[in-house]
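K.L.:
quick one, what's the 3D model for this:
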Amino acid sequence: MTPPTNIRVIIVGAGFAGLAAAIECTRKGHSVTLFEKSPSLDEITRVGDIISFDPNGARAFERWPGVIEQMEAIARQTSWLDLYHYQGRFVTRQSFAGEKAWGRRINGHRGQLHRIIYDHAVARGVDIRLGVRVEDYFETDGHEADSDNTSSNSVPEAGVVLAHGQRVSADVVIAAEGVRSRGRKIVLGFDENPKSSGYAVYRAWFPADRIRDNPMLSHLVADSVDTHQGFIGPDIHFLASTIRSATEVNWVFTHIDDGNIEESWQCPGKPAEALRYLDGDGDENNRWCPVVRELVKATPEGRLIDHKLVYRDPLPTFVSPGARICLIGDAAHPFLPTSIQGASQSIEDGVVLAACLERSGKGNIPRALRAYEKLRYERVHRAQAMGPVTRERWHKADWEEVWKKPEMIHLVREEWLLNFDAEKDVYERYEGVVVELESKSDGE
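P.N.:
Okay, the predicted model is just below:
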């Protein structure tokens, strides 16, 4: 068992990033308190669409006793993606079987996978406090003025402000509450509102029994075998999957959206509204194929959300001026779904941050956070950039060329990204990164 480091960590947000950071911090001997605004686990895990963890993200699960086995028991078993022209003609099958050499790949029900990780965090003794909203962040430099205006030599610390002004402090604070994180203000020094990327995503999930008797859709759930299909058209791509041995259906499609992000960035969707994007502007020759439209029609009310894809310019830093507060996951770097890396990169964030704190020790928290940023910054933005590239390859496809070379529309799957062990990378590069940072600091 890892000896305690006496490093006190506050984490804000019980999403995948926050839970991964909490688990990794306890593995390294740090003490963790996690605040989550949702009052119940059911509210956190209610969304039933699919989430993917590539080998680089799933590698952490293998180090959490029993977790990877629980995940694989409920994960989608397909190792391929069948791609179609939006009017129904089959184009190509992309196999992911070769990636097994790089590690395990987990695709499954978002809520169920989230619950497995949450339960593991609780079993490890993470102090998770549900229904607690963080209103603000703070950090001190250890030289705050006393009431008589004399200097105080208190220990530098960071913390959060809860409802009614309650302040809770720690050695380090991790902001993991997503794209609207209040931690971004203290890191950047100003308020920065999210912007619409110009796209939104419909996400739906419902029992497969709703399509078993539909002759256009029954093949998707035949023989209790999971399927994974993508349909590519002008400015839309539609992905349909079955999960849990074809007992549940999930579909998502990305569409152009010019709504104001300040009005609403996530709201209930209506199948009839989603269908309008697929009718080809009333032109039968441009209408999407029956499989896609029937899936949308089969979606029950209350099982569809319309989620705006938020865009942010790459941040200049993930770390606050005093280097005791940092951003991870979507709070630091929101990903487009077409990157298929947002979840995996959030897991890597937690792994790297916890290991950097372990290497630095309690007396060098700022060094740890600056090393975390240095180790993550280039890699995460390189991965982030893959999302728009894939979306444009699909949405602006030159079909004359695609029919000649179908693999043009395959997802880009590169070894530098997927065959990666974030923990090993920290242990191999930490000392060199620290030397580089100190050398840069001395030269300024």
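
K.L.:
could I get the full set of helices for the chain?
P.N.:
16-27, 41-45, 55-61, 67-74, 110-123, 183-188, 271-276, 290-297, 342-360, 365-384, 386-395, 399-404, 415-418, 422-443 (DSSP state H).

K.L.:
what's in contact with the fourth one?
P.N.:
Contacts of helix 67-74 with the rest of the structure, by C-beta atoms under 8 Å, 6 or more residues apart in numbering, involve 58, 61-62, 104, 106, 108-109, 112-113, 116-117, 120, 244. (Each C-beta comes from the backbone N, C-alpha and C, glycine too.)

K.L.:
if we use 6 Å, what do you get?
P.N.:
By C-beta atoms under 6 Å, 6 or more residues apart in numbering, the surrounding residues in contact with helix 67-74 are 61-62, 106, 108, 112-113, 116, 120.

K.L.:
coming back round to it: what's the least confident stretch among the helices of the chain?
P.N.:
Note on the helices of the chain: helix 41-45 shows the lowest mean pLDDT, a mean of 75.

K.L.:
for this structure, which strand is longest?
P.N.:
The strand that spans the most residues within the chain, counting by DSSP state E, is strand 195-207.

K.L.:
taking helix 110-123 as reference, get the angle to that one.
P.N.:
90 degrees (axes from the mean of the first three to the mean of the last three C-alpha atoms, to 10 degrees).

K.L.:
centre-most residue in the protein?
P.N.:
In the chain, the C-alpha nearest the mean C-alpha coordinate belongs to Ala343, at 3.2 Å (C-alpha atoms, centre = their mean).

K.L.:
you'd agree that one is up against Ile50?
P.N.:
No - taking contacts as C-beta atoms under 6 Å, Ala343 lies outside contact range of Ile50: 10.5 Å.

K.L.:
re earlier: by how many degrees do the longest strand of the chain and helix 386-395 diverge?
P.N.:
Per the same axes, to 10 degrees, the angle that strand 195-207 makes with helix 386-395 is 70 degrees.

K.L.:
would you mark the buried spots in strand 195-207?
P.N.:
196-197, 199-206 (16 or more other C-beta atoms under 10 Å).

K.L.:
quick revisit: now the helices of the chain in CSV, with distance to Phe335?
P.N.:
Formatted as CSV, the helices of the chain follow (distance: least, C-beta to C-beta, whole Å):
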stretch, distance to Phe335
helix 16-27, 11
helix 41-45, 20
helix 55-61, 12
helix 67-74, 20
helix 110-123, 15
helix 183-188, 16
helix 271-276, 23
helix 290-297, 25
helix 342-360, 3
helix 365-384, 6
helix 386-395, 6
helix 399-404, 25
helix 415-418, 12
helix 422-443, 16
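
K.L.:
nearest to Leu217, out of these?
P.N.:
Between Leu217 and those, the tightest spacing by C-beta to C-beta is seen for helix 290-297, at 5.4 Å.

K.L.:
which neighbouring elements make contact with that closest one?
P.N.:
Secondary-structure packing of helix 290-297 (3 or more C-beta pairs under 6 Å, 6 or more residues apart in numbering; DSSP states H and E): helix 271-276.

K.L.:
got the contact list for the helix it packs on?
P.N.:
202, 296, 299.

K.L.:
try it again at 10 Å.
P.N.:
Outside of helix 271-276, the residues within contact range by C-beta atoms under 10 Å, 6 or more residues apart in numbering are 202, 204, 238, 251, 253, 255, 270, 282, 288, 292-293, 295-301, 303-304, 306.

K.L.:
mark which of those are buried, thanks.
P.N.:
202, 204, 238, 251, 253, 255, 288, 292-293, 295-299, 303-304, 306.

K.L.:
follow-up on the earlier one: how far off helix 290-297 does the longest strand of the chain point, in degrees?
P.N.:
Using the same axes, to 10 degrees: strand 195-207 against helix 290-297 is 90 degrees.

K.L.:
can you name every helix or strand that strand 195-207 contacts?
P.N.:
If contacts are counted by 3 or more C-beta pairs under 10 Å, 6 or more residues apart in numbering; DSSP states H and E, strand 195-207 sits against helix 110-123, strand 236-243, strand 248-256, strand 266-268, helix 271-276, helix 290-297, strand 304-311, helix 386-395.

K.L.:
what mean pLDDT does that strand get?
P.N.:
85.

K.L.:
what angle do it and strand 248-256 make?
P.N.:
160 degrees.

K.L.:
redo the helices and strands packed on strand 195-207 as a markdown table? Include distance to Glu358.
P.N.:
Formatted as a markdown table, the helices and strands packed on strand 195-207 follow (distance: least, C-beta to C-beta, whole Å):
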| stretch | distance to Glu358 |
| --- | --- |
| helix 110-123 | 18 |
| strand 236-243 | 36 |
| strand 248-256 | 38 |
| strand 266-268 | 36 |
| helix 271-276 | 47 |
| helix 290-297 | 47 |
| strand 304-311 | 32 |
| helix 386-395 | 30 |
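
K.L.:
which of those sits most buried?
P.N.:
strand 236-243 (a mean of 24; mean count of other C-beta atoms under 10 Å).

K.L.:
quick one, that one and helix 290-297 angle?
P.N.:
Using the same axes, to 10 degrees: strand 236-243 against helix 290-297 is 70 degrees.

K.L.:
neighbouring strands for strand 236-243, and are they parallel or not?
P.N.:
Here strand 236-243 has these sheet partners by DSSP bridges: strand 228-233 (antiparallel), strand 248-256 (antiparallel).

K.L.:
now do the longest one, average pLDDT.
P.N.:
Okay, so that is strand 248-256. pLDDT averaged over strand 248-256 gives 90.

K.L.:
what distance separates that strand from the centre of its chain?
P.N.:
17 Å (C-alpha atoms, centre = their mean, to the nearest Å).

K.L.:
next: the shortest one.
P.N.:
Distance of strand 228-233 from the chain centroid (C-alpha atoms, centre = their mean) equals 22 Å.

K.L.:
right, I'll leave it there.
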